[in-house]
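K.L.:
quick one, fold the following:
(chains A and B, ligands or ions: 2)
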Amino acid sequence: MDVICAGKRSITLKINGRERSLEVRPNEILLNMLRERFNLMGSKYGCGIGECGACTVLLNGRAVLSCQILAISVAGQEITTIEGISRGASHSSHAGTAPAGTLHPAGTLHPAGTLHPLQAAFIEEGAVQCGFCTPGMIISAKALLDKNPDPNNEQIKEAIRGNMCRCTGYTNIISAVKSAAKRMLKE
Amino acid sequence: MSEQYRIIGKRIGGLDEKDKVLGNVIFAEDYTLPGMLHARVFRSTRASALIKRLDLTRAKALDGVVCVLSAEDVPNNESVKNVVGQTTEVGLLEATNQVLARDRVRFYGEAIALVAAENLDIAEEALELIEIEYEDLPAIFDPLEARKPGAPKIHGDNNIISAWKIRKGDIEKGFAQADVIVEKSYRTPRQEHAHIEPESGVSWIDDMGVVNIRYAAQVIEHYRDVAAVLGLPDSRVRVIGTIIGGGFGGKEDITVEIFLGLLAWKSGRPVKLTYTREEMGFARHKRPPYYLHYKTGATKDGKLTAMEAKLVSDAGAYVYLSPWILIYSTVHATGPYFIPNVKVDANSVLTNNIMTSAFRGFGGMEVAFAYESQMDELARKLTMDPLEFRKKNFLKKGDETANFQTITSEALLPEAASKALAALGGKGKGSKHKKVGRGFACSWQSYGRMTYLHDTSNAWVNLEMDGSSVVRSGIPDLGGGQRESLRAIVAEILGLKLDEVHVISTDSQVTPPAGTVTATRALYMSGNAARLAAENVRKIILDQASAMVGVAPEKLKLKSKQVYLAENQAGPENQAKKLSLVEVIKSCAAQGKIPQSLATFKAPFTEPITTDLIRDPVFADFTFGAQAAEVEVDTETGEVKLLKYSTAYDIGQAINLNRVEGQMEGGAAQGIGFGLMEDYIEEEGIPLTWNLHEYLVPTSKDLPDIETVVLESRSGKGPFGAKGIGEPAITAAAPAVINAIRDAIGVRIYHVPATAERIFRALKGKREK
Ligand code: FES
Ligand code: FES
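P.N.:
Numbering: from 1, shown residues only, chains lettered A, B, ... in the order given. Ligands and ions are numbered 1, 2, ... in the order given. Now for the predicted structure:
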């Protein structure tokens, strides 16, 4: 169990391209910091113990499990979440702003900027079912494509092996990563 | 396929998926409210014990703790009363599910107390301060033992909570006519749903005193259970469902909703409760493990003559849906085959194991593993091609099942099986220690609830003044695109674009009751309700237009927000011969004829089952299909590598082809996990596989590309002739893989999952013989 320690520390880091400064508790988990302090709800809590990949974010371009990282340890570094990869999409989420008792239709369509080719390909290839694994999956795929723009099936499988999806059989996810790679190579 | 439709049957990838790839969906856990407390559950660490002392004093005294509740704080401490459909032999089930354990715990992980605190760390700390003393009671973990008279009793005086039978023809005579008989025992495991989204929700009391619970709910009707526990009228509890991050039956039974209702009611503050991954692992129901004994006979020309099956399922410590799951197993026990003489005896038995209940496949897939293993062995004994053998026995439209239900839709089994096999392509070669083999399996699974439950679903559809449409339906979206199907259906019928239709779903006080997202009923039931409502609205519009232009309504067509004179719609020269939809809506409004409709769809109703003997129809219809696998088995280690996989189902009519394929692919993956790797282990009632590195589910590395073949007979009972696919998609996977392993190494695995260790032992046994 986490012990609550008093000594907060100020850190500065880059989140989705913007410089941010804040005070963090020494035991504050990066995932919680992103969700609770910045309202970046796209990174998901699926297990909190490093097993599911739903919390995957980019740390200096590398895919990491944000539930396994202390916020304090990423001071001065660069974090990218799902909210940061669509081009020109708004970084804010309005989760939690509806007053108690109002109708809150789940999954409202937000005005967003252009989709990242991976996001577009996930839609087209039918790689999305419940969508809970999707942000983490797309982040892992992005880390792969940034390093290896033309991966084969095995390399894609390796890149997303830590991202569990219980709704699909990964087949359409793999096709989506391939088709996004193709599109990005052409661009 | 589907040329006559603009939208139906196409690959619809749009509104829902866009939210998801952007990370914009507000899942249950993503919701917060000002002043919200965080809750945790205190759970039993004994499988069977009396609670001698429970002391909450220190927990309550902790700074930041707002509310600590135990059984005595719960107004009515029972949830889930009796289970409809239980019968004479074991008596009507008065379920004794406790919200919080009062004097006795019956399984490891049973909830005993609730804590709500200012933050999660404090709630965690408070759990540590709860003092408890137990006195162990005798316990029983083996359902076969638990059936015996002297076994320790879990509730009341009989551990057998459910008994169903089928009797058709003369079983003795049937076996006497058989030239070959295969008789074997099988076992299937407890399976963990392992949806990636944990059970989660937020509750609050609104300014009218209504208890609101926003959570990941497959059954929003649980607002009634919450109301019963709190002692409130049903109308004072509201469930707002969320887009669900996977459920598969895991979010079908009561999870967080009653705890959330209690804590908000007692504290007066908003409360969030999310299960930890470990808690999902040991505190929430699993798929029931089965013991199956099968005897099947056939003549030498390959006709099945008789089948006898004995089934025992482990219900765990509480009743939940075990009796229903067992009916499914009993009715589906024959597989999709016509067999003249059938005898099935099935029991569900209480033990001190974790309780079992709904999981995709719901009793249909456990028997599929056994009946398809039997069919494969029979074909071998007959030295017949396994598909040719099955073809001689497949159920067809018009045939009667073992419980005397006539199949009223197409059963494209020969097509599905041949196409699944063809989709595998050329066969691999293997090497000395790596043997390659192929297998397939066929299955059937009902869609829609049992007909004696008198299922209905409602939907409301309108046209706004600008010609766009709103749909209201209570149906939750489990992640399979249930909400999007309604959008597609209504858009198709009203001639609108998808983004001109908005669907409001899954809110018990806002949307018309549509029932559960379970039993592969969502599309069948709520799809039909939305279809009916949209057709009514279209009729209102066409009638009005008819009055306006003096052309019979049958000659009018509604499309792209215009009403056309049907025969003139094509040419630009006839542009004048159309009316704008908005004009018609205005005219309707002026006369008080509002273009809106609330429609009810009713499934066929049958009489309740009153005896243990099932001899009447139980289901509305069935989905049929097949899956095929090619495996490589390492004979030195027992490891299996899945090389190729295909799945083929007749889904009647696709609504959204992407989602159909998605369900088929995902169902296959989950069924492969069940057949090859997923094993939820308990020792003396103590779960040992709490999390995802102990309980292994398929990752991207474990699965090959899954080929999907979609067949459309348009003969289903759903909208546009659709059948359900959610559950059928999982049922044939395990036997397909096991039959492939048998083909590769000449050894059959009778106890899934076929782990490397089990295969290695089976191979060793064969070598020693
Ligand atoms: S939430 Fe981080 S790996 Fe599951
Ligand atoms: S889409 Fe549901 S977990 Fe991947």
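K.L.:
could you use CA atoms for every contact and neighbour count after this?
P.N.:
Will do.
K.L.:
how about the spatially closest residue to B:Ser713 that is not a sequence neighbour, what does it touch?
P.N.:
Distance criterion CA to CA, 6 or more residues apart in numbering or on different chains; nearest residue to B:Ser713, sequence neighbours excluded, is B:Gly652 at 4.7 Å. Listed by CA atoms under 8 Å, 6 or more residues apart in numbering or on different chains, the contact set of B:Gly652 reads B:711-716, B:721-723.
K.L.:
for the residue of chain A found nearest chain B, give its distance to B:Asn158.
P.N.:
When distances are taken as CA to the nearest CA, chain A reaches nearest to chain B at A:Cys130, 3.5 Å away. As for A:Cys130, its distance to B:Asn158 is 41 Å (criterion: CA to CA, to the nearest Å).
K.L.:
who's more crowded, these two?
P.N.:
More crowded of A:Cys130 and B:Asn158, by other CA atoms under 10 Å in any protein chain shown: A:Cys130, with 27 against 18.
K.L.:
name the SS class of the residue lying closest to that one once chain neighbours are set aside, please.
P.N.:
Nearest residue to A:Cys130 in three dimensions, chain neighbours excluded: B:Gly479, at 3.5 Å (CA to CA, 6+ apart). At B:Gly479 the chain is in coil, as set by DSSP: H, G, I helix; E, B strand; the rest coil.
K.L.:
right, and B:Gly479 touches A:Gly131 too?
P.N.:
Yes: between B:Gly479 and A:Gly131 there is a contact under CA atoms under 8 Å: 7.1 Å.
K.L.:
any shared contact partners between the two?
P.N.:
If you check B:Gly479 and A:Gly131 against CA under 8 Å, 6+ apart, the residues they both contact are B:Gly245.
K.L.:
and B:Lys701, how close does it get to ligand 1?
P.N.:
Per CA to the nearest ligand atom, to the nearest Å, B:Lys701 is found 17 Å from ligand 1.
K.L.:
and that residue, what element?
P.N.:
Element membership of B:Lys701, judged by DSSP states H and E, is empty: it is in no helix or strand.
K.L.:
and it, what does it touch?
P.N.:
A:157-158, A:161.
K.L.:
quick one: which of those residues is nearest ligand 2?
P.N.:
Lowest distance from ligand 2 to these (CA to the nearest ligand atom) belongs to A:Arg161, with 12.6 Å.
K.L.:
so who does that closest one touch?
P.N.:
Counting by CA under 8 Å, 6+ apart, A:Arg161 touches B:699-701.
K.L.:
give me the pLDDT for it.
P.N.:
At A:Arg161, the predicted lDDT confidence score is 97.
K.L.:
likewise B:Thr611?
P.N.:
Model confidence at B:Thr611, given as pLDDT, is 84.
K.L.:
what's the neighbour count on it?
P.N.:
B:Thr611: 15 neighbours (other CA under 10 Å).
K.L.:
that one belongs to a helix?
P.N.:
No: B:Thr611 is assigned coil when assessed by three-state DSSP, not a helix.
K.L.:
can you list phi and psi of it for me?
P.N.:
phi -120, psi 170 (degrees, to the nearest 10).
K.L.:
for it, give its distance to B:Asp314.
P.N.:
For B:Thr611, the distance to B:Asp314 equals 22 Å [CA to CA].
K.L.:
cool, and B:Asp399?
P.N.:
From B:Asp399 over to B:Asp314 the distance is 32 Å, taken as CA to CA.
K.L.:
more neighbours, those two?
P.N.:
The residue with more neighbours, out of B:Asp399 and B:Asp314, is B:Asp314; 30 against 15, by other CA under 10 Å.
K.L.:
which secondary structure element contains that one?
P.N.:
strand B:304-316.
K.L.:
so what are the sheet partners of that strand and their directions?
P.N.:
Sheet pairing for strand B:304-316, assigned by DSSP bridges, gives strand B:290-298 (antiparallel), strand B:341-350 (parallel).
K.L.:
how about the ones you listed in TSV, adding mean pLDDT and mean neighbour count?
P.N.:
Shown next, in TSV, are the strands paired with strand B:304-316 (pLDDT from 0 to 100; neighbours: other CA atoms under 10 Å in any protein chain shown):
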stretch	mean pLDDT	mean neighbour count
strand B:290-298	98	24
strand B:341-350	96	25
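K.L.:
which bits of chain B sit near ligand 2?
P.N.:
Residues of chain B found near ligand 2 (CA under 6 Å from any ligand atom) are B:196, B:245-246.
K.L.:
among those residues, which are in reach of chain A?
P.N.:
B:196, B:245-246 (CA under 8 Å from any CA of the partner chain).
K.L.:
closest to ligand 1 out of these?
P.N.:
Among these, and counting by CA to the nearest ligand atom, the member closest to ligand 1 is B:Ile196, at 8.1 Å.
K.L.:
so that closest one sits against B:Phe248, correct?
P.N.:
No: using CA under 8 Å, B:Ile196 makes no contact with B:Phe248, being 10.9 Å away.
K.L.:
mind checking what helix or strand follows the helix or strand encompassing B:Ser418 in sequence?
P.N.:
Element membership of B:Ser418, judged by DSSP H and E, is helix B:413-422. Counting by DSSP H and E, the next helix or strand C-terminal to helix B:413-422 is strand B:434-447.
K.L.:
that following strand - what's its average pLDDT?
P.N.:
On average, strand B:434-447 scores 98.
K.L.:
just stretch B:671-687 next, same as before
P.N.:
95.
K.L.:
show me what counts as buried in that stretch.
P.N.:
Buried positions in stretch B:671-687, judged by neighbour count with 16 or more other CA atoms under 10 Å in any protein chain shown: B:671-682, B:685-687.
K.L.:
distance of A:Gln77 from A:Asn60?
P.N.:
A:Gln77 is 7 Å from A:Asn60, by CA to CA.
K.L.:
same thing with B:Asp705?
P.N.:
Taking CA to CA, one finds B:Asp705 at 32 Å from A:Asn60.
K.L.:
those two: who's more crowded?
P.N.:
B:Asp705 (19 against 14).
K.L.:
what bits of chain B have low per-residue confidence?
P.N.:
Chain B contains residues with pLDDT under 70 at B:1-3, B:80-96, B:566-576.
K.L.:
contacts made by the top helix by length along it with the rest, please.
P.N.:
Secondary structure assigned by DSSP state H gives helix B:528-549 as the longest helix of chain B. Around helix B:528-549, the neighbours that count as contacts under CA under 8 Å, 6+ apart are B:457-463, B:471, B:473, B:486, B:489-490, B:493-494, B:552-553, B:556-558, B:563, B:579, B:581, B:584-585, B:587-588, B:593, B:595-601, B:718-719.
K.L.:
poorly predicted segments of chain A, please.
P.N.:
Applying pLDDT under 70 to chain A picks out residues A:1-6, A:87-113.
K.L.:
quick one, helices of it?
P.N.:
A:30-32, A:38, A:117-124, A:134-147, A:153-159, A:171-186.
K.L.:
which among the ones you listed is found nearest to ligand 2?
P.N.:
Ligand 2 lies closest to helix A:134-147 among the helices of chain A, at 5.9 Å (CA to the nearest ligand atom).
K.L.:
chain center to the closest one: distance?
P.N.:
Between the centre of helix A:134-147 and the centre of its chain there are 9 Å (CA atoms, centre = their mean, to the nearest Å).
K.L.:
hmm, that helix touching ligand 1?
P.N.:
No: contact of helix A:134-147 with ligand 1 (CA under 6 Å from any ligand atom) is absent, the minimum separation being 9.2 Å.
K.L.:
can that helix be found next to chain B?
P.N.:
Yes: residues of helix A:134-147 are located near chain B by CA under 8 Å from any CA, namely A:134-135, A:138.
K.L.:
how is the chain partitioned into domains?
P.N.:
Using chain A here. A:2-84, A:85-187 (automatic domain parsing).
K.L.:
should've been chain B
P.N.:
Split by automatic domain parsing, chain B gives B:31-137+B:199-274, B:290-450+B:609-768, B:456-602.
K.L.:
fine by me, thanks again.
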